[in-house]
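J.: generate a structure from the sequence data that follows.
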Amino acid sequence: MMFKKIISSLSLIIETAKKEKQLLFKDSASIEIYIGCVIAVYFFYTFVYSPEVFTKLPIAYVDNDQTTISHEVKRMLNDTESLDLIYEVTSLEDAKKLFEENKINGIIMIPKNFSKDLQKPGNNPTIAIYCDASYMLYYDKTLQAVSNSLMAYTSQLQLQQTMMSGVPMKEAQASSKPFNIISTSLYNLDEGYATFVIPLVIIIAMQTLQLTGMGVLYGTMRENNTFSKNFEIAKGRFGYFFMTIGRSIPYFIISMLLFLFGIEVIFHIFTIPQRGNVLEVMVFLIPVTLSIIFLGMSLMNFFRNREDPIMLLTVFSIPALMMGGVSYPTLAFPLWIKIIAIFFPSTIGVKGFLALTQAGASLVEINDIFIQMWGVCLFYFIIAVWTNRRFLKK
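T.: Coordinates of the predicted model:
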């Protein structure tokens, strides 16, 4: 009797999986969003940020001082890998015109009497830097290159002035540079933006586009009132429980293959580091994928037609990205945002995925995150079972 029930339950799981796959692949919009858009985002988003380190950014140099020191500053700036001072103009207005014509990405202006002010004790002369802040990488690289060059130059100048006062070279070097600073960027040696953002995009894009694709399909079923008819086979006792498992199988297989494609193909093509064990990464992605699937089933309560998920989930994709820590440190979030963030599978999923793929951690080392991810999965599984039961009885 028990064996017969097990066979019957397995048969129900398989049949509902087949039905869900059939419905999914019949809806071209769902497939395009779920599979086509995920692959497109993986490729094009990574391609856009693939030049991780910008070199020779075109800069205009405005020298209002015209002295040996201002020319030396220009030479040092031009010797940096990041900048290329291709224009030397006589006024800020001329430089602005070049910027407005998109010929340059920044302006460096040396003020008049810069050399005199620099050599006066206690004076702190200023250099004006106008950076293109519309693109974070341009702004960061320009500012960093100018800051490093000027720090090196002022240190050299201070050394010369100290030696001219009669201090021996070794003592002068010690006073101008009392200690060495060695900066090492952990896990992102080139400080590239692609290495920073693409692992997050792998998770966020999958979550947003999979939920949208599922929502379009479920919105269609609600709009046409065909859900109960499509899964009539599951109307027996506890059928909704096994139907939930069966319906998740097609999405689980597709999503895991897309994740594997992102890790093994996209990371390899665009040289994104992958320091973890691939098997452990895929094991961690099991509860991440299931959480997204069961969340998608749960959201059927809110989708009355096929257009609803496109509008709703597009709006929530940006908060999901921010809650992953891409633009603001999660430690600085207010408590209420941290609580809301837990209910996004991507929040915990991103933490574990980054730890495994970028920091090279093992699954044992992030077992707390792994357990939390299964907790989110169980939470949405319960809601998904209730949702399937609700709509099956309609």
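
J.: contacts and neighbour counts: CA atoms only from here.
T.: OK.

J.: the one helix or strand L24 maps to - what's its average pLDDT?
T.: Assigned by DSSP states H and E, L24 falls within helix 2-26. Per-residue pLDDT values across helix 2-26 average out to 85.

J.: from the chain's centroid, how far away is that helix?
T.: 37 Å (C-alpha atoms, centre = their mean, to the nearest Å).

J.: and that helix, what does it pack onto?
T.: Identification of packing neighbours for helix 2-26 by 3 or more C-alpha pairs under 8 Å, 6 or more residues apart in numbering; DSSP states H and E yields helix 28-31, helix 239-261.

J.: from I272, how far off is the residue most central in space within the chain?
T.: Central residue of the chain (C-alpha atoms, centre = their mean): V197, 3.1 Å from the mean position. Distance, V197 to I272, by C-alpha to C-alpha, to the nearest Å: 10 Å.

J.: most packed of the helices and strands packed on helix 2-26?
T.: Mean neighbour counts were taken over the helices and strands packed on helix 2-26 using mean count of other C-alpha atoms under 10 Å, and the top value, a mean of 20, falls to helix 239-261.

J.: which strands and helices sit next to that helix?
T.: The helices and strands touching helix 239-261, judged by 3+ C-alpha pairs under 8 Å, 6+ apart, are helix 2-26, helix 278-298, helix 367-392.

J.: kindly compare burial across those and name the winner.
T.: Most buried among those, counting by mean count of other C-alpha under 10 Å: helix 278-298, with a mean of 22.

J.: beyond it, next helix or strand please.
T.: Next in sequence after helix 278-298, counting helices and strands by DSSP H and E, comes helix 308-323.

J.: give me the neighbour count for Q207.
T.: The burial metric for Q207, expressed as a neighbour count using other C-alpha atoms under 10 Å, is 27.

J.: ugh, wrong one, L150
T.: Using other C-alpha under 10 Å: L150 sits among 15 other residues.

J.: tell me which helix or strand it sits in.
T.: Assignment of secondary structure by DSSP H and E places L150 within helix 136-164.

J.: do the same with I108
T.: For I108, the secondary-structure element it belongs to, assigned by DSSP H and E, is strand 106-110.

J.: for A60, report the pLDDT, please.
T.: Per-residue confidence at A60 stands at 90 (pLDDT).

J.: wait, T244 sits on I383?
T.: No - under the criterion of C-alpha atoms under 8 Å, T244 is not in contact with I383, lying 10.3 Å apart.

J.: ok so, going back, got the helices and strands packed on helix 2-26 as TSV, with distance to K5 columns?
T.: As requested, these are exported to TSV (distance: least, C-alpha to C-alpha, whole Å):
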stretch	distance to K5
helix 28-31	34
helix 239-261	12
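
J.: thinking again about what came up before, could I get the helices and strands packed on helix 239-261 as CSV with distance to N305?
T.: Output for those, formatted as CSV (distance: least, C-alpha to C-alpha, whole Å):
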stretch, distance to N305
helix 2-26, 16
helix 278-298, 14
helix 367-392, 15
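
J.: out of these, flag the one nearest A145.
T.: Between A145 and the helices and strands packed on helix 239-261, the tightest spacing by C-alpha to C-alpha is seen for helix 278-298, at 37.0 Å.

J.: now Y130: which helix or strand?
T.: Assigned by DSSP H and E, Y130 belongs to strand 128-131.

J.: what about M221, distance to A40?
T.: 27 Å.

J.: tell me which of these two has more neighbours.
T.: When neighbours are counted by other C-alpha under 10 Å, M221 and A40 differ, and M221 comes out ahead with 21 against 12.

J.: that one looks like it's in a strand, true?
T.: No - under the criterion used here (DSSP: H, G, I helix; E, B strand; the rest coil), M221 is helix, not part of a strand.

J.: circling back: next, the angle from the helix holding L24 to helix 239-261.
T.: Orientation note: helix 2-26 sits at an angle of 50 degrees relative to helix 239-261 (axes from the mean of the first three to the mean of the last three C-alpha atoms, to 10 degrees).

J.: what comes into contact with helix 2-26?
T.: Residues from elsewhere that reach helix 2-26 (C-alpha atoms under 8 Å, 6 or more residues apart in numbering): 30-31, 217, 230-231, 233-234, 239, 242-243, 245-250.

J.: lowest pLDDT pick from these?
T.: Lowest model confidence among those falls on A234, which carries 69.

J.: give the pairing partners of the strand holding I108; include direction for each.
T.: strand 57-63 (parallel), strand 128-131 (antiparallel) (DSSP bridges).
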